Each structure stands twice: as C-alpha cells, then as structure tokens.
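Engineer: okay, structure incoming, though there's no sequence with it:
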C-alpha cells in the first residue's frame, strides 16, 4: 500500500505492507511488557470470582508485536502497564493483591515515515506518518519494506502504524539498470573536435526541445556535468569525492533557474529548495521536540543522499548558515552534535543558484 493511504479509516485494525523512509526517530526507545506472569497468593475471599484462581496452570499474558495494545503501553509507566495487563489477564477487577512478573519485554521506537524517494515523478502524496517500530536499531534516512498494523492512537485518535517487521531494501538507484543504448551520445571519434561537435548537437537539442534557454550551451553543460558526476573517483591510489557541488552566479533573467528546473523535469530526478525560506535544520537536519521528547530529523540534503538538490536564492542564506554546511559538503557525512549525536550519509550533488549578494 502507498504510505499516504495508510491513514484511511477502512484500514483501521488491519495489517498492511508498505515501503517507507525513516525521516525522524526518537532519541530513546521504550521498554514495554511482551510476556508477563500473574503472581498472587489466592487467599482472598473474592478469589473464587477470579478466572486466575480457577485456572490450574499459571496465567501468562502475552502482547504480540503486531498488537494495537502496544500503543496503550506507551507513556503510561509501570502502573499503567499493570492496569492493562490486569485487563488482559481477566484478573478480578477489585483485586489489589496480585502482581505481574515480566518474563520478556519489547523495545519500541517512535519514528516518522515518509514515502520512498523514487526516480522519476511519483503520483504518491507527500506525507509524514507517525509510527512505532517494535524492535531496536531502526536507522533514520533508510528505506524499509514494512509490515504494520493501522491503529488509532489511544491518546488523540491520530492514525498510527505499529510496525512489527522492517527489512532494509535497495532503493531505485541500487536497482537502476540502463535499458537503452547510450551509443547515441558517443562522438564519432575521441578527438577534441568530435567531442565538441557532439556536445553542440546534444545541447542544441536540449535548448530547442527542453529548456528553451538559448545561447547558454555552457550553462547546460555545467548543469549536465553535475547531474552525471560519479559518487567517487579513484585518484592517486585513493578514493575521493566525485559528486558535484557547484555554484551558478549571475544577474536575474539569465535563465539560471529556468534551465535547471526544466532539466530536472526532463531527467525526472532532483529536488529543489528555496534557500531563502529554508533553515539549516530543514536543509541539513536537527533535533525536533514533540510532546517533550526529542526526535532526530534529517533535512533535504541527507534525505537525497546519492541524488541531486538544487538550492535556489542562496544569497538569502547567511554566511554563518553556509559555514555550518562546509564539513558535510566535503565529507559526505551529515552530523548532528547537540543534545544527541547522530550521523548519516549526505553524498548529494548540489547546484547552488544565486544572484550576487551586492552590486
């Protein structure tokens, strides 16, 4: 199922399978009961009314990983756990002499999910879904094939997923295979003259049929080089950064933005960000507080790892904000060093587009 459709009312209580990217994650996991044993002395007058008293075997309460009860066990403490287990074990309601002994426990991690980033344009609604992963060690900024139960949050009735199985999967880039013969782009000879002639032919075609930005072959070539840069290059016995990181600077009305926008539509890949309206947290990532809890949330550049991001209106971004991105751009690693520490890959091709900051 598409992630966006998982909140529809008809799926409440049902099991679904979906593919999603973990965009944010709570900094600490919950521990909730998985298997508990009822302990009691069976010496009260009301014990004869209790199903536990009448059972010959020991009473065991199990909470499956795909159960909606997982949501009830979140944020309630041990007293809340005991109340829920009491209801599940059918202990006599007025009994106050019993106890529960936890034999096994679940880890539960609160996460936020977004649709898988796909090559080409997707019809899927861009959304964020709240989810709880029953397990430990799910990684942010990673694509998973998930099995989940659609539930209503007992606190606010928001549609929430209880994910009981999450398998890392290869994304569209890993699975991409060239299905067309690229000999069309090969020059007749590997000479400077033949290469220049082939480039003129390619960009004459793009200019006429795609971008409609004329007399700007150098600009087309510049953008094209970034789109098609390799992630890594072998250089003098070392593997070094190969993904492009370039700046296009010039006056308004020269086709900088229009050319990149139409190439992005033509190639069906890339993401555009208005730097003037975006924060460093939105572009790189940060910690977000929700209900007095901190979530690691990665920004556009790490989420587009191995892809391409076009940053518009860069002159609207302060020099201090730009300097905070220097290490990430050179190393390909986005790192948060705040209340919590986290790292993820950010090997993202970047095209910075800007007017001059001043006259």
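Structural biologist: That came in fine, so what should we check first? Small disclaimer: the values here were computed from a predicted structure and weren't measured.
Engineer: for the chain, longest strand please?
Structural biologist: What stands out as the longest strand in the chain, according to DSSP state E, is strand 99-115.
Engineer: strands paired with it, and their directions?
Structural biologist: strand 15-26 (antiparallel), strand 30-39 (antiparallel), strand 129-134 (antiparallel) (DSSP bridges).
Engineer: just the buried residues of it, please?
Structural biologist: Residues of strand 99-115 classed as buried: 100, 102, 106, 108-115 (neighbour count, 16 or more other Cβ atoms under 10 Å). (C-beta placed from N, C-alpha, C; glycine too.)
Engineer: and what of stretch 33-49?
Structural biologist: Quick answer for stretch 33-49 (16+ other Cβ under 10 Å): 33-34, 36, 38, 40, 44, 47.
Engineer: and the end-to-end length of it?
Structural biologist: 26 Å (Cα to Cα, to the nearest Å).
Engineer: next one: the residue nearest to residue 39 when sequence neighbours are not counted, what pLDDT does it get?
Structural biologist: The spatially closest residue to residue 39, leaving aside those adjacent along the chain, is residue 99, at 4.7 Å (Cβ to Cβ, 6 or more residues apart in numbering). What the model reports for residue 99 is a pLDDT of 87.
Engineer: so who does residue 99 touch?
Structural biologist: 38-40, 82 (Cβ atoms under 8 Å, 6 or more residues apart in numbering).
Engineer: show me the shaky parts of the protein.
Structural biologist: 1, 56, 117-125, 171-172, 174, 289-292, 338-340 (pLDDT under 70).
Engineer: which residues in the stretch 151-300 of the chain form helices?
Structural biologist: 172-175, 192-206, 217-227, 256-267, 280-283, 300-303 (DSSP state H, counting those that start in this stretch).
Engineer: and the fourth one, how far out from the chain middle?
Structural biologist: Helix 256-267 sits 25 Å away from the centroid of its parent chain (Cα atoms, centre = their mean, to the nearest Å).
Engineer: again with the fifth one
Structural biologist: Helix 280-283 has its C-alpha centroid displaced from the chain centroid by 14 Å (Cα atoms, centre = their mean).
Engineer: now for the buried residues of stretch 33-49: which two are most distant?
Structural biologist: Checked with Cβ to Cβ, these reach their widest spread between 34 and 44, with 28.3 Å between them.
Engineer: between the buried residues of stretch 33-49, which sits nearest residue 236?
Structural biologist: The closest of those, once distances to residue 236 are taken by Cβ to Cβ, is residue 34, at 54.2 Å.
Engineer: show me the contacts for the closest one.
Structural biologist: If you count contacts by Cβ under 8 Å, 6+ apart, then residue 34 has 62-63, 65, 102-106 around it.
Engineer: ditto for residue 152
Structural biologist: 12, 158-160.
Engineer: only whichever of those are buried, select them in ChimeraX.
Structural biologist: Only the buried entries of those go into this ChimeraX selection, using 16+ other Cβ under 10 Å:
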select :159,160
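Engineer: ok, the contacts of residue 152 vs residue 262, which is closest?
Structural biologist: Comparing these against residue 262 with Cβ to Cβ places residue 159 closest, at 37.5 Å.
Engineer: which residues does that closest one contact?
Structural biologist: 6-7, 12, 129-130, 150-153.
Engineer: follow-up on the earlier one: redo the contacts of residue 152 as CSV? Include distance to residue 91.
Structural biologist: Formatted as CSV, the entries for the contacts of residue 152 read as follows, by distance: Cβ to Cβ, whole Å:
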residue, distance to residue 91
12, 28
158, 31
159, 32
160, 28
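Engineer: and the contacts of residue 152, which two are furthest apart?
Structural biologist: 12 and 158 (11.8 Å).
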